[in-house]
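In: Prediction below, plus the sequence it came from.
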Amino acid sequence: MASDNRFAGTATITVLVLEPDGLVRTPLAEYLRKCGYEVIDGAAANDVLPGVEARAKDRSRHRRSPSRPHPGRVRLGPMVHRSHPGVQG
């Protein structure tokens, strides 16, 4: 399959796939990768947080570490918005 990225020639777009059902998540993530997108995927927020944090360190102008709430609970949305101010959800 040829790359279907509508934004060819621009910075790589990262898609976050957060889906507990692997039968849905895996083929979706694979398809998006084949289309030229960078994909961070996992079954829960704790699964994707390391990838999101690594992406933020690589690409963000903001080098501060996101604050973490109490153990076992991750507030992913605010962390993504701090790391990537242009992200809309």
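Out: On my side now, so go ahead. Numbering: from 1, shown residues only.

In: And the closest residue to residue 51 other than its chain neighbours, how close does it get to residue 32?
Out: Leaving aside its chain neighbours, residue 51 sits nearest to residue 40 (3.9 Å; criterion: CB to CB, 6 or more residues apart in numbering). C-beta coordinates here come from the backbone N, C-alpha and C atoms, glycine included. As judged by CB to CB, to the nearest Å, residue 40 and residue 32 stand 10 Å apart.

In: where do the contact lists of those two overlap?
Out: Residues touching both residue 40 and residue 32 (CB atoms under 8 Å, 6 or more residues apart in numbering): 15, 17.

In: The residue nearest to residue 51 sits in which helix or strand?
Out: Using DSSP states H and E, residue 40 sits within strand 38-42.

In: Next secondary structure after that strand?
Out: Later in the chain than strand 38-42, the nearest helix or strand by DSSP H and E is helix 45-59.

In: Start from the N-terminal end of the chain and give the helices.
Out: 22-34, 45-59, 76-83 (DSSP state H).

In: and of those, who's closest to residue 12?
Out: Nearest to residue 12, of all the helices of the chain, is helix 45-59, at 9.0 Å by CB to CB.

In: Now that closest one - C-alpha only, CSV.
Out: Coordinates of each C-alpha in helix 45-59 appear next as CSV, following Å, rounded to 0.1, in the frame of the first residue of the first chain:
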residue,chain,number,x,y,z
ALA,A,45,-2.9,5.1,29.5
ASN,A,46,0.0,3.5,31.5
ASP,A,47,0.9,1.5,28.4
VAL,A,48,1.3,4.5,26.1
LEU,A,49,2.7,7.0,28.6
PRO,A,50,6.4,6.1,28.0
GLY,A,51,6.0,6.5,24.3
VAL,A,52,4.2,9.8,24.7
GLU,A,53,6.8,11.1,27.1
ALA,A,54,9.6,10.0,24.7
ARG,A,55,7.9,11.8,21.8
ALA,A,56,7.5,14.9,23.9
LYS,A,57,11.2,15.0,24.8
ASP,A,58,12.1,14.5,21.1
ARG,A,59,9.8,17.0,19.6
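
In: Now do the contacts for the residue nearest to residue 51.
Out: 14, 15, 16, 17, 48, 51, 52, 55.

In: how near is the fifth one to residue 13?
Out: In other words, residue 48. Distance, residue 48 to residue 13, using CB to CB: 16 Å.

In: Having no further points to raise, I will conclude here.
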